[in-house]
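Q: please work out how this folds:
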Amino acid sequence: MGTAEIALDALRHEAAHCTACELYKSATQTVFGEGPPAAWLMLVGEQPGDKEDIAGRPFVGPAGRVLDTALERAGIDRGEVYITSAVKHFRFEQRGNRRLHKTPGVTHIRACRPWLDGELRAVRPAAVATLGAVAGKALLGPRFRITDARGKVLDWEGHQLVPTVHPSAILRGPPETRDEALDALVSDLRVVAGLRR
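A: Residues are numbered from 1 along each chain as shown. All right, here's what the predicted structure looks like:
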């Protein structure tokens, strides 16, 4: 077992017992990142959704299927990518039998930041892609605007970082614009693919 793998296992174990914010009380479990410990690329999403909260794995629900399609079309094998989220617990609002996504707040992002920093230190990816505004703000600060930075290669703390939209934004958009929105995500991910070393 390599150093990165040992570090990630220790972080995963610690994060499973995290009580730094109130989200742990209603979430099923902590959803930590997964992927090769020496991945060249780290994808950072917002938070787990309902399916991820139940499965305990990132991007396994509908948004994960959109991401898989986009990665494949961009020439990136999901098996070579470390995938995680800025917030490790599912924040939701209960409506009858359904748990509806609720955007995590600044306190949730701050509470989870040590886990994300630990993942970045352990994996040491050459490239990072943030998926959505929450992930972008988590790493780049509150002034980050996805409309200004989307698809651009930014230098960030020794990494090349490319912000793009969250795959769930495609699912929330009007059906008639989904193909175009998916094409735009693929285009951003092709920029990321160009950073592979």
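
Q: okay, CA-based contacts and neighbour counts for the rest of this
A: Noted.

Q: what comes up buried for the longest helix anywhere in the chain?
A: Selection of the longest helix in the chain by residue count, based on DSSP state H, yields helix 106-123. Neighbour-count burial for helix 106-123, counted by 16 or more other C-alpha atoms under 10 Å, picks out 108-113, 115-116, 118-120, 122-123.

Q: mind checking how far that helix is from the chain centre?
A: Centroid separation for helix 106-123 versus its chain: 11 Å, with C-alpha atoms, centre = their mean, to the nearest Å.

Q: can you give the contact residues for that helix?
A: For helix 106-123, the external contacting residues (C-alpha atoms under 8 Å, 6 or more residues apart in numbering) are 3-5, 7-8, 11, 15, 20-21, 23, 33, 37-39, 82, 84-88, 138.

Q: pLDDT score for the spatially most central residue of the chain?
A: Residue closest to the average C-alpha location in the chain (C-alpha atoms, centre = their mean): residue 45, at 1.9 Å. pLDDT for residue 45: 97.

Q: one step back: the contacts of helix 106-123, buried ones only, as a ChimeraX selection?
A: Paste this into ChimeraX to select the buried members of the contacts of helix 106-123, with burial taken from 16+ other C-alpha under 10 Å:
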select :4,7,8,11,15,23,33,37,38,39,82,84,85,86,87,88,138
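
Q: among the contacts of helix 106-123, name the ones in strands.
A: Among these, the members falling in strands (DSSP state E) are 82, 84, 85.

Q: the last one touches residue 44, doesn't it?
A: Yes: with contact defined as C-alpha atoms under 8 Å, residue 85 reaches residue 44; the gap is 4.9 Å.

Q: overlap in contacts, the two.
A: residue 135.

Q: ok so, going back, how about the nearest residue to the residue nearest to the centre of the chain, chain neighbours excluded?
A: residue 85 (4.3 Å; C-alpha to C-alpha, 6 or more residues apart in numbering).

Q: gap between stretch 138-148 and the chain center?
A: 15 Å.

Q: would residue 18 count as being in a helix?
A: No: secondary structure of residue 18 (DSSP: H, G, I helix; E, B strand; the rest coil): coil, not part of a helix.

Q: and the residue lying closest to it once chain neighbours are set aside, what does it touch?
A: Nearest non-adjacent residue to residue 18, counting by C-alpha to C-alpha, 6+ apart: residue 24, 7.1 Å away. Going by C-alpha under 8 Å, 6+ apart, residue 24 touches 18, 30, 89.
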